[in-house]
Structure formats: structure tokens, C-alpha cells
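Novice: Structure of the sequence below:
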Amino acid sequence: MEKDIKKKPFNKRAFISIAMFTSGLCLPFSGIMNHNLQFETLSVERHFWMSVHNMAAVLFVIFAILHISYNWRALMSYAKKAKEIFISKESLAAIALVIVIVGLFASHTYHVN
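Specialist: Presented below is the predicted three-dimensional model:
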């Protein structure tokens, strides 16, 4: 008994989403490795992590653009519905708090001699 198994066509949208997600996952890890190796001379290890980070960023941008183009109608539909959404005062307070804390923490770089 042979089953009539139809092959599914290649799903470009799923491929693009997964590729964007995978390259996006590489970015923080390779960025942390670059940060840890920043004061070393240009060793093979440092060059490797710089290459991983740079290529993951390029792929992420390419797949993000493709993702936007393949999902343009859905994104426009969300944008139209977003006009009706009211942002609560709690949401605004949380966003403002995070921006202030991150901004203060990052501003120390301008005070280092």
C-alpha cells in the first residue's frame, strides 16, 4: 500500500523567517564575544568572532528586508489597527523608566578619561 504523498512546495516565507531568527540569535552571542576580546591583538579567535558578527548582521538585514516585503500587507493591516490602540500610562511609565536607566548607564562612557 503506497500512500499518495504530495511534496509540499518550498515555503519562502517560513525560510526567510527562520533565517532571520537564526542570524538574529547569532548577533548577541557574537557581540558578547567581540566585547570580551576587544583588547586583544587581532588573533584568529578575535577575527573569527568579528567575521561571525559581521556576516550575521548582513544576513539579518537582508532577511529582515525580505521578511518585510513578503509580509507587507499584514504589516500594513497591523499599522492601521495600531491607530485604534491606546497606550496605557503604565506602559508609557515603563518605557520611560527603561530609557532613562539605559541612558544613564550608557552615558558613563562620555565621562571616562
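
Novice: tell me, which helix in this structure spans the most residues?
Specialist: In the chain, assigned by DSSP state H, the helix with the most residues is helix 44-70.

Novice: Give me the contacts around whatever helix or strand comes next after it.
Specialist: Heading C-terminal from helix 44-70, the first helix or strand you meet, by DSSP states H and E, is helix 72-82. Contact with helix 72-82 is made by residue 68, as judged by CB atoms under 8 Å, 6 or more residues apart in numbering. All C-beta spots, glycine's among them, are computed from the backbone N, C-alpha and C.

Novice: So what's the gap between the next helix or strand after helix 72-82 and the chain middle?
Specialist: Proceeding C-terminally, helix 72-82 gives way to helix 89-106 as the next helix or strand, assigned by DSSP H and E. How far helix 89-106 lies from its chain's middle: 21 Å, per CA atoms, centre = their mean, to the nearest Å.

Novice: other SSEs contacting helix 89-106?
Specialist: The contact analysis (3 or more CB pairs under 8 Å, 6 or more residues apart in numbering; DSSP states H and E) places helix 89-106 against no helix or strand.

Novice: How many neighbouring residues does residue 23 have?
Specialist: Using other CB atoms under 10 Å, residue 23 is surrounded by 19 other residues.

Novice: tell me the mean pLDDT for whichever strand or helix holds it?
Specialist: Taking DSSP H and E as the criterion, residue 23 maps to helix 12-36. For helix 12-36, the mean per-residue pLDDT is 95.

Novice: Compute the inter-axis angle for it and helix 44-70.
Specialist: 150 degrees (axes from the mean of the first three to the mean of the last three CA atoms, to 10 degrees).

Novice: Show me the contact partners of helix 12-36.
Specialist: By CB under 8 Å, 6+ apart, the surrounding residues in contact with helix 12-36 are 46, 49-50, 52-53, 56-57, 59-60, 63-64, 66-67, 70-71.

Novice: Which members of these come out as buried by neighbour count?
Specialist: 46, 49-50, 52-53, 56-57, 59-60, 63, 66-67 (16 or more other CB atoms under 10 Å).
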